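Q: task: produce atomic coordinates for the following.
(one chain, ligands or ions: 1)
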Amino acid sequence: MGSVRVLQKPEMVSYDDIHDIIVSAHASLDNGITLNSTKLTGSDLSRIIGPSGICLVAYLDNRLAGTASICWEQIDRWGYHEIFGTVRFLAVEPWARGKGIGTALMREVISICSAQNRKSILSTVYNNKVAKALYRKNNYIPIRHYGEGHYCVTMAHGVEKSRCFFFSITSFLYSRAKHMIRR
Ligand SMILES: CC(C)(COP(=O)(O)OP(=O)(O)OC[C@H]1O[C@@H](n2cnc3c(N)ncnc32)[C@H](O)[C@@H]1OP(=O)(O)O)[C@@H](O)C(=O)NCCC(=O)NCCS
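A: Reported below is the predicted structural model:
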């Protein structure tokens with residue numbers, strides 16, 4: 001299976017290296033999914049993650065194989081008014097998939113957020129089944145459906161299920177109805 005190690009981005013790994021993983025990971029996505037993150041440069045990533053954000057890297061047998069970042073963002077929605085850890089730029093190299101790297105990155109994200117007593121949030125394209133399965137497995141629940149075309153879902157960890165169920169259902173019905181009217 002190989003040994004998986006996750007750590008905060010060391011100096012010797014540049015944001016251009018992180019960018020290369022993201023581009024490589026998204027090049028092989030099925031279902032015509034394209035994500036805006038591939039259009040960003042290394043310096044865009046560095047700016048978005050910011051000095052207080054955390055960029056993680058994962059190694060498989062000492063080879064750089066994956067990445068994920070946490071940005072701290074004020075959330076004033078769904079009845080919450082607090083800083084959440086927003087997960088961005090999760091990517092695992094195609095050659096390293098299915099070996100637990102995505103799981104290890106998400107576990108580290110949750111552990112960092114929990115240590116700071118913060119909930120975590122992320123968004124993905126609705127038909128990215130692999131990413132959604134990974135998030136569900138790690139106890140992220142859907143709280144918002146939105147967007148046209150590449151229809152998206154926002155998922156959160158550490159939130160109250162009953163409260164979010166209501167927002168999830170209403171936003172799902174609303175965005176589906178909007179989609180059908182526009183057709
Ligand atoms: C999503 C991604 C990060 C998963 O990385 P990974 O290292 O392969 O994930 P893991 O090996 O830890 O597998 C985690 C879970 O993902 C799901 N999964 C992985 N491969 C899968 C596949 N081929 N089909 C369906 N589900 C799959 C499973 O639920 C799996 O858990 P399990 O092994 O207990 O069943 C990786 O596929 C990737 O980089 N995809 C492209 C970029 C992307 O979609 N990023 C997220 C944007 S929001």
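Q: is any part of the helix or strand hosting residue 145 close to the ligand?
A: Element membership of residue 145, judged by DSSP states H and E, is strand 141-146. No. Judged by CB under 6 Å from any ligand atom, strand 141-146 stays clear of the ligand, getting no closer than 13.1 Å. For glycine as for every other residue, the C-beta is placed from the backbone atoms N, C-alpha and C.
Q: so what strands line up beside the helix or strand just after that strand?
A: Where DSSP H and E defines the elements, the next helix or strand beyond strand 141-146 is strand 152-157. Take DSSP bridges as the rule and strand 152-157 pairs in its sheet with strand 120-125 (antiparallel), strand 141-146 (antiparallel).
Q: and the last one, which residues are buried?
A: Within strand 141-146, the residues that count as buried by 16 or more other CB atoms under 10 Å are 141, 142, 143, 144, 145.
Q: let me have these in a markdown table, adding pLDDT as columns.
A: Formatted as a markdown table, the buried residues of strand 141-146 follow (pLDDT from 0 to 100):
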| residue | pLDDT |
| --- | --- |
| 141 | 93 |
| 142 | 91 |
| 143 | 89 |
| 144 | 87 |
| 145 | 85 |
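Q: coming back round to it: need the strands paired with strand 152-157 in JSON lines (columns: distance to residue 157).
A: Shown next, in JSON lines, are these (distance: least, CB to CB, whole Å):
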{"stretch": "strand 120-125", "distance to residue 157": "4"}
{"stretch": "strand 141-146", "distance to residue 157": "8"}
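Q: closest one to residue 169 among those strands?
A: Within the strands paired with strand 152-157, the stretch nearest residue 169 is strand 141-146; the backing value is 9.2 Å (CB to CB).
Q: what residues does that closest one touch?
A: 78, 121, 126, 151-157, 159, 161, 164-165, 167-168, 171-172, 174-176 (CB atoms under 8 Å, 6 or more residues apart in numbering).
Q: so how far is it off the chain centroid?
A: The chain centre lies 13 Å from the centre of strand 141-146; the measure is CA atoms, centre = their mean, to the nearest Å.
Q: restrict that strand to CA atoms and write it as PDB.
A: C-alpha atoms of strand 141-146 as PDB (Å, rounded to 0.1, in the frame of the first residue of the first chain):
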ATOM      1  CA  ILE A 141     -23.000  16.700   5.200                       C
ATOM      2  CA  PRO A 142     -24.600  18.700   2.400                       C
ATOM      3  CA  ILE A 143     -25.900  22.100   3.400                       C
ATOM      4  CA  ARG A 144     -26.300  24.000   0.100                       C
ATOM      5  CA  HIS A 145     -26.900  23.200  -3.500                       C
ATOM      6  CA  TYR A 146     -26.200  26.000  -6.000                       C
END
